[in-house]
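1. I'll drop the sequence and a predicted model, then ask my questions.
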Amino acid sequence: MTEFKEQTRPEAGESEVEVSAVAEVLASMQGLETRPVADHVAVFEHAHEQLRRALDPRHG
């Protein structure tokens, strides 16, 4: 699996909360390759939901 570079500072237009939330989602996906393929959809759906909550202020 591709390793994700952890970003330590927000880029223009990002808040530290957004960066932290995204880093947490990416970290939760580490080791996915060792889990049964049948689990992957649920993991991706959960990650997608968490990313939407972190990045879309209207999605609450």
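-> Yep, that arrived.

2. for this protein, what spans make up the helices?
-> Here the chain has its helices, by DSSP state H, at 16-28, 37-55.

3. Listing request: residues of this protein with sub-threshold pLDDT.
-> Applying pLDDT under 70 to the chain flags residues 1-17, 59-60.

4. now do 90
-> In the predicted model, the chain carries pLDDT under 90 at residues 1-23, 53-60.

5. quick one: Leu51 and Ser28, what's the gap?
-> 11 Å (C-beta to C-beta, to the nearest Å). For glycine as for every other residue, the C-beta is placed from the backbone atoms N, C-alpha and C.

6. who's more crowded, those two?
-> The neighbour count for Leu51 versus Ser28, taken as other C-beta atoms under 10 Å, is higher for Leu51 (16 against 13).

7. which residues touch the more buried one?
-> Leu51 makes contact with Ala21, Val22, Val25 under the criterion C-beta atoms under 8 Å, 6 or more residues apart in numbering.

8. change it to 7 Å
-> Val22, Val25 (C-beta atoms under 7 Å, 6 or more residues apart in numbering).

9. Packed most tightly, which of the helices of the chain would that be?
-> Mean neighbour counts were taken over those using mean count of other C-beta atoms under 10 Å, and the top value, a mean of 15, falls to helix 16-28.

10. Output it as CSV, nothing but the C-alphas.
-> Only the C-alpha atoms of helix 16-28 are listed here, as CSV (Å, rounded to 0.1, in the frame of the first residue of the first chain):
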residue,chain,number,x,y,z
GLU,A,16,-5.4,22.6,11.3
VAL,A,17,-8.6,20.7,12.2
GLU,A,18,-9.1,19.7,8.6
VAL,A,19,-5.5,18.6,8.2
SER,A,20,-5.6,16.6,11.4
ALA,A,21,-8.9,14.9,10.5
VAL,A,22,-7.6,13.9,7.1
ALA,A,23,-4.4,12.6,8.7
GLU,A,24,-6.5,10.5,11.1
VAL,A,25,-8.6,9.0,8.2
LEU,A,26,-5.5,8.1,6.2
ALA,A,27,-3.9,6.6,9.3
SER,A,28,-7.0,4.5,9.9
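
11. Thanks a lot, catch you later.
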